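Asker: Quick one, what's the 3D model for this:
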Amino acid sequence: MTPMIGGKSGDLGGLPVINIAVLAVLALAGYRSTQLIVWDSILDPIRDRIHLWQAHRPESRPRELITTLISCPYCMGFWLSGIILAVYLTCTGTWGDAHWLLHGVEWFAIAGGAVLLNRWDDTRAAV
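Answerer: Now for the predicted structure:
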């Protein structure tokens, strides 16, 4: 499979899909950004403030949604993968190269790779 400009390859039935190496890098970025938002101690003060904000009005659905989002690696990973894909497509100028449904499949591929990395990380023995 010969990569084309912007990380696209037309070898999948002529579809302009992102090649596997770029998908892997984007999945790694999705995994790492999810770890940063959900688990890394550098953002503990921000997460603590959001949890405290939600505790003041626990019946608030929007506050509950935001608190759940920043606490769930699968939820956060899905949305961050979409943002990472959108940034990649915009920066490489390949946003309009494919139908939006194909970009949706790429989004799922990136989010799926990030989730697999997260699951692998969760099952490793604590060091």
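
Asker: rest of the way, CA atoms for contacts and neighbours
Answerer: OK.

Asker: My understanding was that Cys75 contacts Leu69; is that so?
Answerer: Yes. Between Cys75 and Leu69 there is a contact under C-alpha atoms under 8 Å: 5.8 Å.

Asker: what's the spacing between Thr92 and Leu65?
Answerer: For Thr92, the distance to Leu65 equals 32 Å [C-alpha to C-alpha, to the nearest Å].

Asker: in the protein, which helix or strand is least confident?
Answerer: Within the chain, no helix or strand scores below strand 8-12, which has a mean of 55 by mean pLDDT, DSSP states H and E.

Asker: downstream neighbour of that strand in the secondary structure list?
Answerer: Using DSSP states H and E, the next helix or strand after strand 8-12 towards the C-terminus is strand 15-18.

Asker: buried ones in that next one?
Answerer: For strand 15-18, burial by neighbour count (16 or more other C-alpha atoms under 10 Å) applies to Pro16, Val17, Ile18.

Asker: got it, and stretch 41-55?
Answerer: Going by neighbour count (16+ other C-alpha under 10 Å), the buried part of stretch 41-55 is Arg47, Ile50, His51, Gln54.

Asker: Can you dump the C-alpha atoms of that stretch in PDB for me?
Answerer: What follows is stretch 41-55, C-alpha atoms only, in PDB (Å, rounded to 0.1, in the frame of the first residue of the first chain):
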ATOM      1  CA  SER A  41      -2.300  13.900  38.500                       C
ATOM      2  CA  ILE A  42      -1.400  17.200  36.700                       C
ATOM      3  CA  LEU A  43      -5.100  17.700  36.100                       C
ATOM      4  CA  ASP A  44      -6.300  16.600  39.600                       C
ATOM      5  CA  PRO A  45      -7.000  20.200  40.700                       C
ATOM      6  CA  ILE A  46      -9.200  20.800  37.700                       C
ATOM      7  CA  ARG A  47     -11.100  17.500  38.100                       C
ATOM      8  CA  ASP A  48     -11.500  18.100  41.800                       C
ATOM      9  CA  ARG A  49     -13.000  21.500  41.200                       C
ATOM     10  CA  ILE A  50     -15.400  20.100  38.600                       C
ATOM     11  CA  HIS A  51     -16.500  17.300  41.100                       C
ATOM     12  CA  LEU A  52     -17.000  20.000  43.800                       C
ATOM     13  CA  TRP A  53     -19.000  22.100  41.400                       C
ATOM     14  CA  GLN A  54     -21.200  19.100  40.600                       C
ATOM     15  CA  ALA A  55     -21.600  18.300  44.300                       C
END
